[in-house]
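S.K.: Got a sequence here, can you model it:
(one chain, ligands or ions: 1)
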Amino acid sequence: MAVLVTGGGGYIGTHVCVELLNHGYDIVVVDNFSNSSVEGINRVKTITGKTFKIYQTDLLHKRKLIDIFEQNSINSVIHLAGYKSVGESTEKPIKYYANNIISTINICEIMKKFDVKKIVFSSSATVYAPSNNHQPISENFPLGATNPYGRTKLIIEHFLSDLSQSDSDWSIGILRYFNPVGAHSSGLIGEDPKGVPNNLVPYLARVAIGKLPVLSIFGNDYPTMDGTGVRDYIHVVDLAQGHVYALQKVESTTGIDRYNLGTGKGYSVLEMVHSYEKASGRKIPYEIAPRRKGDVAICYADPSKARNELGWVAKIGLKEMCQDSWNWQQNNPNGYEGDHPSPLNALKR
Ligand code: UFG
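M.R.: The predicted model follows:
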């Protein structure tokens, strides 16, 4: 019996694969590698010493999904695949709606066909309505995404809820991520954004290593301790372990539940800069820029539901988040790129 991991080649996906394998699960990975690298998957095998099947397939191709279910004994799915850039989603809503929503409908349709009804879905804190006054955010906080990417996550959450209502055999766990950062302690897998990073920590990493000259801090006039935005940064290994706990719950129950995966602590952009400077031993030049459209001042999780119902808590602190990010950045100054330019050749290893 295996867990099908969609998007297993990505930043979160590779870390989830490592944790699943370390917990004794068999896995099958499906990824179209549009925003990830086969080399990441090769390194999951190196870290764990385990092997597993990988399908380079788009979830929009139902026939190929059927083949995967026919060729493997799959009994649950962790569905991570999807486009994830807030900025790009505002420019290319068709791309986001078509890919994220249709691929989820396809995977659920094929799951139903094969009577596989256990799924953990990767959602985001971006589904919550923006608020600066009601922190921390618990799962019953009002919903209301403010960008197309977030709306695809919200629509999928509603779809999964309807699915659960229609058939009580389904068991569904929805994980709302806060801000995943850091990397596996081996330094072999980590975040490898294409082009200029949009997110703070990969941007800090590129400035620290000298690939980007200066960090722009988007606003220093927010109502926070130092005026810069506050977020709930969570180590990606903690986040990945949250998937294993959620899967265990999904395996043992039916129905649908939503869980925040965050630490419950907020750090400002300036605190992040200082922590990254310490971890890297490098000075990080920054300048104050105007606020970024759509940003809220403060966003951090109430993670107590995951603690109480899944038995999961985030354990890794800010220092290690920055150290592990820096370790990954130093070991892989060009990300996965360069070593294995052709995904198909790399797959043959
Ligand atoms: N920031 C900067 N400069 C940068 C990048 C970010 O000052 O170059 C600031 C932002 O203004 C914000 C903080 O750093 O205050 C964190 O920004 P990120 O872009 O790293 O993360 P966000 O909180 O904006 O968004 C992230 C993911 C979304 C997800 C959301 C969930 O990118 O996909 O968390 O809360 F939906």
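
S.K.: so where does the residue nearest to Ile189 when sequence neighbours are not counted fall, helix or strand?
M.R.: Spatially, and ignoring its direct neighbours in sequence, Ile189 is nearest to Thr14 (4.4 Å; Cβ to Cβ, 6 or more residues apart in numbering). From N, CA and C alone the C-beta is placed, and that goes for glycine too. Taking DSSP states H and E as the criterion, Thr14 maps to helix 11-22.

S.K.: Can that helix be said to contact the ligand?
M.R.: No - judged by Cβ under 6 Å from any ligand atom, helix 11-22 makes no contact with the ligand; its nearest approach is 11.2 Å.

S.K.: buried ones in that helix?
M.R.: Tyr11, Ile12, Gly13, Thr14, His15, Val16, Cys17, Val18, Glu19, Leu20, Leu21 (16 or more other Cβ atoms under 10 Å).

S.K.: so the residue nearest to Ile189 sits right up against Leu20, yeah?
M.R.: No - with contact defined as Cβ atoms under 8 Å, Thr14 does not reach Leu20; the gap is 10.9 Å.

S.K.: The closest residue to the ligand within the chain: what's it in contact with?
M.R.: Closest contact between the chain and the ligand, by Cβ to the nearest ligand atom, is at Gly229 (2.3 Å). Counting by Cβ atoms under 8 Å, 6 or more residues apart in numbering, Gly229 touches Phe218, Gly219, Tyr222, Ser268, Val269, Asp295, Val296, Ala297, Ile298.

S.K.: Within reach of the ligand, which of those residues are there?
M.R.: Among the contacts of Gly229, the residues that sit close to the ligand (Cβ under 6 Å from any ligand atom) are Phe218, Val269, Asp295.

S.K.: mind listing which of these are in strands?
M.R.: Members of these lying in strands (criterion: DSSP state E): Phe218.

S.K.: Narrow the ones next to the ligand among the contacts of Gly229 to those that are buried.
M.R.: Phe218, Val269.

S.K.: Where does the prediction get shaky in the stretch 1-150 of the chain?
M.R.: 132 (pLDDT under 70).

S.K.: near the ligand, which residues of it show up?
M.R.: Residues of the stretch 1-150 of the chain that fall close to the ligand, judged by Cβ under 6 Å from any ligand atom: Lys84, Val86, Ser124, Ala125, Thr126.

S.K.: Which of these sits closest to Ile156?
M.R.: For those, the closest approach to Ile156 (Cβ to Cβ) belongs to Ser124, at 10.4 Å.

S.K.: can you give me the strands in the stretch 151-300 of the chain?
M.R.: With DSSP state E, counting those that start in this stretch applied, the stretch 151-300 of the chain shows strands at 171-177, 179-181, 215-218, 230-231, 233-235, 255-261, 267-268, 286-289, 298-299, listed in chain order.

S.K.: out of the ones you listed, nearest to Ser131?
M.R.: Comparing the strands of the stretch 151-300 of the chain against Ser131 with Cβ to Cβ, the closest turns out to be strand 298-299 (8.3 Å).

S.K.: who's in contact with that closest one?
M.R.: The contact list for strand 298-299 (Cβ under 8 Å, 6+ apart) reads 125, 128, 132, 135, 137, 178, 222, 224, 229-232, 266.

S.K.: In TSV, list these along with distance to Asp192.
M.R.: Output for those, formatted as TSV (distance: Cβ to Cβ, whole Å):
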residue	distance to Asp192
Ala125	22
Tyr128	28
Asn132	32
Gln135	31
Ile137	29
Phe178	21
Tyr222	30
Thr224	30
Gly229	24
Val230	26
Arg231	21
Asp232	23
Gly266	26
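
S.K.: Derive a PyMOL selection command for the buried subset of these.
M.R.: The buried subset of the contacts of strand 298-299, as determined by 16+ other Cβ under 10 Å, is captured in PyMOL by this line:
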select buried, resi 125+128+135+137+178+222+224+229+230+231+232+266
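
S.K.: my read: Tyr259 touches Glu139, true?
M.R.: Yes - assessed by Cβ under 8 Å, Tyr259 is found in contact with Glu139 at 6.8 Å.

S.K.: Show me the common contact partners of those two, please.
M.R.: Contact criterion Cβ under 8 Å, 6+ apart; residues shared by Tyr259 and Glu139: Arg176, Lys305.

S.K.: which of those two has more neighbours?
M.R.: Higher neighbour count among Tyr259 and Glu139: Tyr259, with 24 against 18, using other Cβ atoms under 10 Å.

S.K.: just to revisit the earlier point, which one of the buried residues of helix 11-22 is nearest Gln330?
M.R.: Tyr11 (17.3 Å).

S.K.: Can you pull the phi and psi angles for the residue lying farthest from the centre of the chain?
M.R.: Here the chain reaches farthest from its C-alpha mean at Asp221, the gap being 29.1 Å by Cα atoms, centre = their mean. Main-chain torsions, Asp221, degrees, to the nearest 10: phi -120, psi 30.

S.K.: Could you pull up the residues touching the nearest residue to it once chain neighbours are set aside?
M.R.: Take Asp221 and drop its neighbours on the chain: the residue closest to it by Cβ to Cβ, 6+ apart is Gly227, 5.4 Å away. Residues near Gly227 by Cβ under 8 Å, 6+ apart: Gly219, Asn220, Asp221.
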